[in-house]
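[1] A structural model of the following input is requested.
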Amino acid sequence: MTSTCVMPTSVVVGGGCGETGAGLVLAGPPAVGATLAGVGELGEFLRSRRGRVRPADVGLPEGVGRRQTPGLRREELATLAGVSVDYYTRLEQGRDTNPGAEVLHALASALRLGDDERAHLHALAGQVPGPAPLGSGAPRPGLLHLLEAVRPTAAYVLDQVSTVLAVNPEGARLMPGLSERDNLVRYVFTDPRAREVFVAWGDMARDCVAHLRTVAAVDPTRPALTALVAELSAACAEFADLWRHYDVKVKTGSRRTFRDDTGHTFDLTSEILTAPDGQRLAVFRPTP
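    Numbering: from 1, shown residues only. Down below sits the predicted model:
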């Protein structure tokens with residue numbers, strides 16, 4: 001892949017052991033099938049998975065104060081999932097056992113659950129998992145807050161078809177020419193600067209198209225998706241070839257090499273958070 005695809009000018013483009021209300025403390029290993037008293041299977045599962053997600057895993061700073069658990073605090077998970085801390089606490093303590101599908105999707109995304117874990121979460125709530133909803137429009141307030149909280153790390157809020165809903169100043173500098181309301185996939189394929197920014201441009205291009213294929217599996221007739229695919233297929237033979245190749249890949253973050261305007265190259269690792277309506281927070285942090 002060596003050619004540059006150029007768009008016509010007419011195209012417009014979420015408790016540690018010190019937290020209270022967690023139920024009775026078991027004196028020894030529980031019997032098979034036993035759960036924490038007063039919590040239940042759903043609450044125990046949520047508590048267990050929350051303890052496995054470290055702040056750095058989701059692009060959050062460690063924050064101030066001593067952590068009593070290596071995992072996320074309740075308020076952090078609640079913010080990521082777009083629910084109130086009180087409501088999430090009720091779920092974890094077993095005082096509410098009937099969350100809706102949208103809440104389950106949000107919790108599963110915030111907890112970075114695999115397919116089996118996601119299905120188990122829905123089963124504990126008495127529901128069959130369905131496809132996560134798609135969303136766009138105004139960026140979620142919680143994601144905007146995180147966009148600023150992670151500075152000076154470059155970050156973006158994207159919808160499911162990778163339209164940029166918000167970007168912090170560091171993100172704007174990382175990818176020159178990509179701004180709010182632009183689309184990341186369009187940028188990769190049609191802006192000549194993208195081929196300089198991404199050292200392994202071909203890998204980035206393939207991942208972008210494979211992600212759109214996973215979105216199409218959820219809602220193949222979504223207007224924003226069909227319009228973008230038609231536009232880029234007509235404007236760029238490279239995109240059309242990759243679309244026909246039909247690779248699929250859910251964006252979960254990866255290590256990429258960038259080049260700045262002085263020619264200096266550096267590695268960043270992305271972390272992806274997905275909200276219940278499909279909006280994503282993409283954070284590019286320095287690779288250890």
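
[2] quick one, strands of the stretch 101-250 of the chain?
    Counting by DSSP state E, counting those that start in this stretch, the stretch 101-250 of the chain has strands at residues 154-158, 164-167.

[3] Quickly run through the sheet partners of the first one, with directions.
    Right, strand 154-158. Paired neighbours of strand 154-158 in the sheet (DSSP bridges): strand 164-167 (antiparallel), strand 280-286 (antiparallel).

[4] What residues sit buried inside stretch 203-210?
    204-210 (16 or more other Cβ atoms under 10 Å). Glycine gets a C-beta too; all of them are placed from N, C-alpha and C.

[5] Filter those down to the ones in helices?
    Per DSSP state H, helices hold the following members of these: 204-210.

[6] hang on, the earlier thing: please identify the most buried of the strands of the stretch 101-250 of the chain.
    strand 154-158 (a mean of 25; mean count of other Cβ atoms under 10 Å).

[7] pLDDT averaged over it - what is it?
    Here strand 154-158 scores 96 as its mean pLDDT.

[8] before we move on, what about stretch 263-281?
    On average, stretch 263-281 scores 90.

[9] ditto for stretch 246-257
    85.

[10] mind listing what's buried in that stretch?
    Applying 16+ other Cβ under 10 Å to stretch 246-257 flags 251, 253, 256 as buried.

[11] Just the CA coordinates for it, please, in PDB.
    Coordinates of each C-alpha in stretch 246-257 appear next as PDB, following Å, rounded to 0.1, in the frame of the first residue of the first chain:
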ATOM      1  CA  TYR A 246     -13.600  -9.100   5.500                       C
ATOM      2  CA  ASP A 247     -11.300  -9.200   8.500                       C
ATOM      3  CA  VAL A 248     -13.000  -8.600  11.900                       C
ATOM      4  CA  LYS A 249     -11.400  -7.200  15.000                       C
ATOM      5  CA  VAL A 250     -12.900  -5.500  18.100                       C
ATOM      6  CA  LYS A 251     -10.800  -2.500  19.100                       C
ATOM      7  CA  THR A 252      -9.300  -3.300  22.500                       C
ATOM      8  CA  GLY A 253      -6.100  -1.300  22.400                       C
ATOM      9  CA  SER A 254      -2.700  -2.000  21.000                       C
ATOM     10  CA  ARG A 255       0.900  -0.700  20.700                       C
ATOM     11  CA  ARG A 256       1.600   1.600  17.900                       C
ATOM     12  CA  THR A 257       4.600   3.600  16.600                       C
END
